[in-house]
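Enquirer: Everything below, folded, please.
(one chain, ligands or ions: 1)
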Amino acid sequence: TIWSNVIGTGGYLPETIRTNDDISTMVDTSDSWIYERTGIKSRRIAGPRETASSMAEIAAREAIDMAGIDVQAIDLIIVATGTPDRVYPSTACLLQQRLGIQQCVGFDVQAACSGSIFALSIADQYIRTGFSKNVLVVGSEVCSRIVDWTDRSTCILFGDGAGAVLLSASDQPGILSTHIHSDGGYEDLLYCPNPQVASFDKQDELGYISMRGNEVFKVAVNTLGRIVDETLEASGLHKSDIDWLVPHQANTRIIAATAKKLGMSMDQVILTLETQGNTSSASILLAFNEGVRDGRIKKGQMVLMEAFGAGFTWGSALIKY
Ligand code: ACO
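Expert: So this is what the prediction gives:
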């Protein structure tokens, strides 16, 4: 059997910090409202010259350095993003050029906040079949550019950043399983229009995130409960076998519900929400990188990643690190 092993992780956060108090000067809200409802205190905002591909490059270089492999050994790049630099070329192609990789395949994956789980799942299939040996998976987002900074129900939630992992083929267990799902029946609850290419009847829309937060919240909690069950059943593992939960970071209350379902204490959850907000497809890989680099996540430990996002899309990845 061929397995996908994590051999490197990386992350990048833009320098500018935007606190809840900063946002309180822009819309009618408060630090306490935001923190109590979401667990967020501040988020990072990309500089005017930063893009999904520029942030992806920094995160990717960190992962490549940790792995200690020649960049030319990378044969597949998958970038998860909902905020690509360009419609085309893909962010993965732009990243390939930035990294100076001559021979590889690159493409983007769009699954909103579940993007990095979808990308990991795809990467794992390509490694298992022998098509790829070293796969760079990146989630990179400039959410701040698709957020309406006059809409207090969404602008408090999102942040910018990039996370990366390098996966390599091995005869030892790594990614044990991935599960991905989508249901296109919920477009109205959470979407971001693309006004330039929308049909005529939708052209009056602006290109900003629109969300019915409360309804999304309820579906998210239920769905993530189901994905936990599905993942454990398929793996034959008991919930006590999981060492770390590395969740998509949308809301502390959603994460706490999943941890409770797993019988885990919040000490076993890698939480970045407080200082990063929701970085969409970057959040899980940023959190994973943080847990690995600060020594909490150790070699051989069992990590469960899970995500839920627009589409709706949702999924999980069970990884022996
Ligand atoms: N400050 C103060 N008041 C606010 C703010 C704000 N920033 N935003 C909304 N309110 C008000 C509302 O107007 C409403 O007032 P009303 O009762 O007078 O009408 C009240 O607060 C309650 O609003 P709700 O939307 O019901 O608040 P809720 O408790 O649901 O919290 C939140 C909102 C934080 C957005 C929550 O619903 C949530 O986290 N949802 C899930 C988000 C998520 O997981 N998204 C999926 C991933 S994102 C992606 O894929 C792109």
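Enquirer: Please name the residues that touch the residue nearest the centre of the chain.
Expert: Using C-alpha atoms, centre = their mean, the residue of the chain that lies closest to the mean C-alpha position is residue 281, 2.8 Å off. The contact partners of residue 281, taken as C-beta atoms under 8 Å, 6 or more residues apart in numbering, are 80-82, 111-116, 119, 139-141, 309. (C-beta placed from N, C-alpha, C; glycine too.)
Enquirer: Please report how far residue 2 lies from residue 313.
Expert: 27 Å (C-beta to C-beta, to the nearest Å).
Enquirer: More neighbours: the two, which one.
Expert: More neighbours sit around residue 313 than around the other of residue 2 and residue 313, counting by other C-beta atoms under 10 Å; the figures are 23 against 13.
Enquirer: Could you list the low-confidence segments of this protein?
Expert: Applying pLDDT under 70 to the chain flags no residue at all.
Enquirer: how about stretch 198-216, does it reach the ligand?
Expert: Yes - using C-beta under 6 Å from any ligand atom as the criterion, contacts between stretch 198-216 and the ligand involve 213, 214, 216.
Enquirer: ok, the last one touching residue 187?
Expert: Right, residue 216. No - contact criterion C-beta atoms under 8 Å: residue 216 and residue 187 do not qualify, at 11.9 Å.
Enquirer: before we move on, the earlier item: counting neighbours, which of the residues of stretch 198-216 next to the ligand end up buried?
Expert: Members of the residues of stretch 198-216 next to the ligand that pass the buried threshold by neighbour count (16 or more other C-beta atoms under 10 Å) are listed as 213, 216.
Enquirer: Domain map for this structure?
Expert: Residue ranges for the domains of the chain, per automatic domain parsing: 3-172, 176-320.
Enquirer: could you list every residue that touches residue 172?
Expert: Counting by C-beta under 8 Å, 6+ apart, residue 172 has contacts 3, 5.
Enquirer: Please repeat the previous calculation with a cut-off of 10 Å.
Expert: 1, 3, 5, 320 (C-beta atoms under 10 Å, 6 or more residues apart in numbering).
Enquirer: Emit the PyMOL select command for whichever of the residues you listed are buried.
Expert: Buried residues within the contacts of residue 172, by 16+ other C-beta under 10 Å, are selected in PyMOL with:
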select buried, resi 3+5+320
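Enquirer: for the contacts of residue 172, which one is nearest residue 124?
Expert: Using C-beta to C-beta, residue 3 comes nearest to residue 124 of the contacts of residue 172, at 8.6 Å.
Enquirer: Quick one: residues contacting that closest one.
Expert: Under the contact definition (C-beta under 10 Å, 6+ apart), the residues listed for residue 3 are 124, 127-128, 167-176, 320.
Enquirer: next one: residue 155
Expert: Taking C-beta under 10 Å, 6+ apart, we find residue 155 in contact with 18, 23, 26-27, 29, 43, 143-144, 147-149, 208-209.
Enquirer: Out of the residues you listed, who's the most crowded?
Expert: Scoring the contacts of residue 155 on neighbours with other C-beta under 10 Å, the highest-scoring entry is residue 43 at 30 neighbours.
Enquirer: when you scan the host helix or strand of it, is anything in it near the ligand?
Expert: Here residue 43 is covered by strand 42-45, with elements defined by DSSP states H and E. No - residues of strand 42-45 contacting the ligand under C-beta under 6 Å from any ligand atom: none, with a closest distance of 13.2 Å.
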